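Visitor: got a predicted structure here, sequence first:
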Amino acid sequence: MSAPPVVPPSVLSSIGTQDGEHFDTLFDFLPVGAYRTRPDGVMVRANPALVRLNGFADEAEQLACVSDIAGQWYVQPGRRAEFQRTLEAEDRVVGFESEVYRYKARERIWISENAHLVRGADGQPLYYEGTVEEITDRVRERAALQRSEQQLRVITQQLPGAVYRVLIEPDGRRVIDYLSEGVHALFGVGPEQALRDNRMLARFRHPDDFDRIEGELAAATAACGPLTIEYRIVAADGTEKWVQQTSVAGAPEGAAQVRIGVMLDVTERKRAEAALLRNSELWKLALEATGDGVWDWRVQEGRELLSPQCKALYGFEPHELPDTPDALDARTHPDDLAGMHAAREAHFAGLAPTYVNELRVQCKDGRWKWILTRGMVLERDAAGRPLRMIGTHTDITARKQAEDLRLQRDLAAAADRAKSLFLSRVSHELRTPLNAILGFSQLLELQLPAGTREQQWLQQVLGSGRHLLALMDDILDLSSAQTGQLPIALAAVPLAPLLEEARSMLAGAAQDAGVDVALHMPADGLPTPRADRKRLLQIVTNLLGNAIKYNRRGGWVQVVVRGVARAGDDDGHGGGVEIDVIDNGPGLDPEQLSRLFQPFERVGAQRGPVAGTGLGLSLSREFAQAMGGSLTVASRPGAGSTFRLRLPVEPPHLPSQTSGQAPG
């Protein structure tokens, strides 16, 4: 905000008279507040600008309200008294800044006052006349600047090294106008000394590096580009140090360029690099002993020495690859080149302590190998450019393949879970309209005469609806089983009545198919399996139904039940009960057997006359496993099939158990 013109108090005095004559129009049109007050704090005149500043409607309202300027106007106690002491001692006040209240709103603002003292003929104070300018924005900006400068000082004090700002004049003269306290630890002189003598820091540079530094500084300034340079200095105490100086161009100030940068002490790093260089040959021998390939890159010379193990890693003899950096770079997979170069440049620039990258390299026989390459710059020149770098190549192909297999497994598992959830939700959504269709169809069945065409059509609707409802039930059961949410109520289940019930349920189907069904159970009784009776009945009826449906006319089905001793159990399930469902149907070949228990898989039967969904066997196996048992099959083409259901035996006095998943 530009300040309005300051009106000297003497002008105000010349406008009016001491005995109360009115000010003329100049007083009213002043762009800043103007006033006349008595020493006792009563205001006797206020121009329109001052009236507006205090929030009053007119001069009369303000004069009526202002009777004690010391208490009503100034925020800081004693500020009015300080104002009066200065006036009475010097007859004037210039630029007197105070925090005050707007009279009417009591809002706190900042003002700047210029005033002078009007005395009577006897020399006694009569009036204070002056101007008032609001400077709230200026004070706040000044405070914000002070806070920003304080924060900058705190931040730069925490940074390692010295932070600086330098102006480069058009004639090339460099003027440092900011330097942090870190310069003392680096050079041994304080920032005040260096700011007084702008060439002081330059005189600390090592003589052998001086010309190179000047040249690179001049080039960066001319290009307005970034600069990173390393050089030696001889500090004030005679210690030789290595300094890394980094700077960037800032916004210009007038004709002068601005550069902002930092100087860091990298002496320890340079010593470590020298030590690594001295031991590099021993390090190379140790690395080669691990079996990894070792490379030694002389960067500026354009040579890269590959150990025999490194060449053998890709199927080459020692003489078959040239000792150049592009020997293996040219065999790197195109998709990995950008990452390789980025990792190298990050290490060269000091942004990464080591060079580490994973890439694919093509072997002599055309195969691609995944390689972990690691390295470190051991030697740099005085400008910080890499001279020598040593590293290794490690074959990680097996690890990458294992990671890919794990990823594929996780993706497949996620897809399977999504499929199960989808089937469950779809099944639930379909059951509601399907039940409505069946319900209304059954009502129509009661009303239509038997034997009519409409009755026949209705029977087809009911049959299809019941088939679809059974399919929905199977899908829900399968989804629950695969997600471990299938409710299982385990208890002792007598086998004889359950098997008779299953045979009775399928007697009509067996008679229609011309298939004989026989039960064979030991005369001395059976151990009682521990199972869920509902699920066990589903398994038995499914196995028995399949054996009937897919048999030949005149064929047979035998259900053989026997106990299995605990000792000598070949498949490790322990003692239990086995139920074999044996048929003399067409049998299955090995390819059909491999797909038999997959959901919706009918191994070619979908093209035949027998209806089905392909879920029965998949559900039966899930039910068996959920009850702690197993379901297996043995079959050969033309020799029929044997489905074996094995269940654990109910231990004596074991209470029933209800579970939402297979027992663990």
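Guide: That came through fine.
Visitor: quick check: pLDDT value at the residue at minimal distance from the centre of the chain.
Guide: Centroid-nearest residue in the chain: L407, 19.2 Å away (criterion: CA atoms, centre = their mean). What the model reports for L407 is a pLDDT of 85.
Visitor: can you say which helix or strand has it in it?
Guide: helix 397-447 (DSSP states H and E).
Visitor: just E99 next, same as before
Guide: strand 92-101.
Visitor: go through the following helix or strand past that strand and flag the buried ones.
Guide: Note on strand 92-101: by DSSP H and E, the next helix or strand toward the C-terminus is strand 108-119. Within strand 108-119, the residues scored as buried using 16 or more other CB atoms under 10 Å are I109, W110, I111, S112, E113, N114, A115, H116, L117, V118. Heads up, the C-betas are built off the backbone N, CA and C, glycines and all.
Visitor: cool, and stretch 32-49?
Guide: Those would be 32-37, 41, 43, 45-49, for stretch 32-49 by 16+ other CB under 10 Å.
Visitor: which elements pack onto the helix holding L407?
Guide: strand 368-380, helix 453-482 (3 or more CB pairs under 8 Å, 6 or more residues apart in numbering; DSSP states H and E).
Visitor: out of those, which gets the lowest mean score?
Guide: helix 453-482 (a mean of 68).
Visitor: ok, then the element right after that helix?
Guide: That would be, after helix 453-482 and using DSSP H and E, strand 488-492.
Visitor: describe which strands that next one pairs with in its sheet and in which direction.
Guide: Strand 488-492 has its sheet partners listed here by DSSP bridges as strand 530-531 (antiparallel), strand 657-659 (antiparallel).
Visitor: lowest-confidence stretch among those strands?
Guide: Going by mean pLDDT, the lowest-scoring of those is strand 657-659, which has a mean of 50.
Visitor: what comes up buried for the helix or strand containing P497?
Guide: For P497, the enclosing helix or strand under DSSP H and E is helix 495-505. For helix 495-505, the neighbour count (16+ other CB under 10 Å) marks L495, L498, L499, A502, R503 as buried.
Visitor: give me the contact list for that helix.
Guide: Contacts with helix 495-505, where a contact means CB atoms under 8 Å, 6 or more residues apart in numbering, come from 517, 519, 521, 526, 528-529, 533, 536-537, 540-541, 544, 559, 561, 577, 579.
Visitor: now swap in stretch 236-251 and tell me
Guide: 165, 186-189, 204, 206, 220, 224-235, 257-267, 269-270, 350, 384.
Visitor: same check, this time on stretch 90-110
Guide: Residues contacting stretch 90-110 (CB under 8 Å, 6+ apart): 9, 53-56, 62, 65-66, 72-76, 79, 83, 86-87, 111-117, 119, 130, 134-136, 138-140.
Visitor: just the buried ones from those, in PyMOL syntax?
Guide: Here is the PyMOL command that selects the buried residues among these (16+ other CB under 10 Å):
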select buried, resi 9+53+54+56+62+66+72+73+74+79+83+86+87+111+112+113+114+115+116+117+130+134+135+139
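Visitor: so who does R374 touch?
Guide: Applying CB under 8 Å, 6+ apart to R374 gives the contacts T354, Y355, V356, G391, T392, T394.
Visitor: so it bridges to which residues?
Guide: Beta-bridge partners, per DSSP bridges, of R374: V356, T392.
Visitor: from F210, how far out is it?
Guide: 37 Å (CB to CB, to the nearest Å).
Visitor: ok, R303 next?
Guide: 31 Å.
Visitor: same check, this time on A185
Guide: 22 Å.
Visitor: on that earlier part again, quick one: which of the contacts of helix 495-505 has the most company?
Guide: The residue in the contacts of helix 495-505 with the most neighbours, by other CB atoms under 10 Å, is P529 (29 neighbours).
Visitor: got phi/psi on that residue?
Guide: phi -70, psi 160 (degrees, to the nearest 10).
Visitor: count of residues packed around G391?
Guide: 22.
Visitor: shouldn't V581 be in contact with F643?
Guide: Yes - counting by CB atoms under 8 Å, V581 does reach F643; the two are 4.6 Å apart.
Visitor: which residues does the residue lying closest to T397 once chain neighbours are set aside bridge with?
Guide: Excluding the flanking residues, the one nearest T397 by CB to CB, 6 or more residues apart in numbering is W370, at 4.6 Å. Counting by DSSP bridges, W370 is bridged to R360.
Visitor: now do the contacts for W370.
Guide: With CB under 8 Å, 6+ apart, W370 has these contacts: E358, L359, R360, D395, I396, T397, R399, K400.
Visitor: so which of those is the most crowded?
Guide: L359 (21 neighbours).
Visitor: how close does the residue nearest to it when sequence neighbours are not counted get to W295?
Guide: Residue nearest to L359 in three dimensions, not counting chain neighbours: D336, with 3.9 Å by CB to CB, 6+ apart. Going from D336 to W295 by CB to CB gives 17 Å.
Visitor: of the two, who's got more company?
Guide: Between D336 and W295, counted using other CB under 10 Å, the more crowded position is W295 (22 against 16).
Visitor: OK, contacts around that one?
Guide: E304, L305, L306, S307, C310, L328, G375, I390, G391, T392, H393.
Visitor: mind picking the two most distant members of these?
Guide: L328 and I390 (14.8 Å; CB to CB).
Visitor: so which helix or strand of this structure has the lowest pLDDT on average?
Guide: Counting by mean pLDDT, DSSP states H and E, the chain has its least confident helix or strand at helix 9-15, which shows a mean of 46.
Visitor: after it, which helix or strand is next? Please name it.
Guide: Immediately after helix 9-15, counting by DSSP H and E, sits helix 25-28.
Visitor: list the buried residues of that next one.
Guide: Under 16+ other CB under 10 Å, the buried positions of helix 25-28 are F27.
Visitor: who does the next helix or strand after it pair up with?
Guide: Towards the C-terminus, the helix or strand next in line after helix 25-28, according to DSSP H and E, is strand 33-37. The pairing partners recorded for strand 33-37 under DSSP bridges are strand 43-46 (antiparallel), strand 125-134 (antiparallel).
Visitor: any idea how far strand 33-37 is from the chain center?
Guide: Remark: strand 33-37 is offset 64 Å from the chain centroid, using CA atoms, centre = their mean, to the nearest Å.
Visitor: how about stretch 95-110?
Guide: With CA atoms, centre = their mean, you get 51 Å for stretch 95-110.
Visitor: CA atoms of it as CSV?
Guide: In CSV, the C-alpha atoms belonging to stretch 95-110 read as follows (Å, rounded to 0.1, in the frame of the first residue of the first chain):
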residue,chain,number,x,y,z
GLY,A,95,6.6,8.8,12.5
PHE,A,96,5.2,7.9,16.0
GLU,A,97,3.9,4.3,15.5
SER,A,98,1.3,3.0,17.9
GLU,A,99,-1.4,0.3,18.2
VAL,A,100,-4.7,1.9,18.7
TYR,A,101,-8.5,1.2,18.7
ARG,A,102,-10.9,2.3,16.1
TYR,A,103,-13.2,4.2,18.5
LYS,A,104,-16.5,2.9,17.4
ALA,A,105,-15.8,-0.8,16.5
ARG,A,106,-12.9,-1.2,19.1
GLU,A,107,-10.9,-2.9,16.3
ARG,A,108,-7.2,-2.8,16.9
ILE,A,109,-5.1,-1.2,14.2
TRP,A,110,-1.7,0.3,13.7
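Visitor: thanks a lot, see you next time.
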